[in-house]
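[1] sequence? don't have it. structure:
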């Protein structure tokens, strides 16, 4: 039963991330339902851990560490640039992934998603066709969900998930 629940949770995680990516690319928003699905599906991985209290604490610490970092970054960006710099949906999605990955993995997802997004934006801007897209003009929001999903997959592949 444990394996079935974990497999279902991972399947829902992948589906929710895919829907978040599609929505972010199309409308520059990440639906709260996708974030809720990512967050709620972390429960089976915690519930069936050998030490429930430790796994739950690590899971909550992951979400808290990511949330604290991103809220501090938003505040600093607002102070320095007059804008928050990262969307609320991105903050919520990254924090929900922190439930899955724990503090180390959650912070690794944040860092990797920033690097992946910067590389993707730079590559797109170098392309003549992509440079004309309104989404790549300076000051316009950039969809982060694709980079977040890729970073989550990479951190999982490298064994950085803590639960």
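    Received it, and whenever you're ready, just let me know what you need. In this text the structure is predicted, and so the values were computed from the model without any measurement. Numbers count the residues shown, from 1 in each chain.
[2] and the residue lying closest to residue 90 once chain neighbours are set aside, how many neighbours?
    Leaving aside its sequence neighbours, residue 90 sits nearest to residue 144 (CB to CB, 6 or more residues apart in numbering; 4.5 Å). (Glycine included, C-beta is placed from N, CA and C.) Residues contacting residue 144 under the criterion other CB atoms under 10 Å number 26.
[3] looking at it, residue 144 is touching residue 116, isn't it?
    No. If you go by CB atoms under 8 Å, residue 144 and residue 116 don't touch, sitting 9.2 Å apart.
[4] need the helices for this protein, in chain order.
    Under the criterion DSSP state H, the chain contains helices at 2-27, 32-40, 43-47, 52-81, 88-126, 128-131, 145-157.
[5] Just send these back as a markdown table, with mean neighbour count and mean pLDDT too.
    A markdown table is the format used below for the helices of the chain (neighbours: other CB atoms under 10 Å; pLDDT from 0 to 100):
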| stretch | mean neighbour count | mean pLDDT |
| --- | --- | --- |
| helix 2-27 | 16 | 92 |
| helix 32-40 | 19 | 97 |
| helix 43-47 | 17 | 80 |
| helix 52-81 | 16 | 93 |
| helix 88-126 | 21 | 93 |
| helix 128-131 | 10 | 53 |
| helix 145-157 | 21 | 96 |
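[6] list the contacts for the most centrally placed residue in the chain?
    For the chain, the residue nearest the mean C-alpha position is residue 94 (3.2 Å; CA atoms, centre = their mean). Residue 94 sits next to 66, 70, 106, 109-110, 113, 148 when contact means CB atoms under 8 Å, 6 or more residues apart in numbering.
[7] Chain neighbours aside, what residue packs nearest to residue 34?
    residue 20 (4.1 Å).
[8] ok, that neighbour to residue 147 distance?
    Distance of residue 20 to residue 147, given as CB to CB, to the nearest Å: 11 Å.
[9] now swap in residue 38 and tell me
    From residue 38 across to residue 147, the span is 15 Å (CB to CB).
[10] so who does the residue nearest to residue 34 touch?
    Counting by CB under 8 Å, 6+ apart, residue 20 touches 30-31, 34-35, 38, 89, 93, 145, 148-149.
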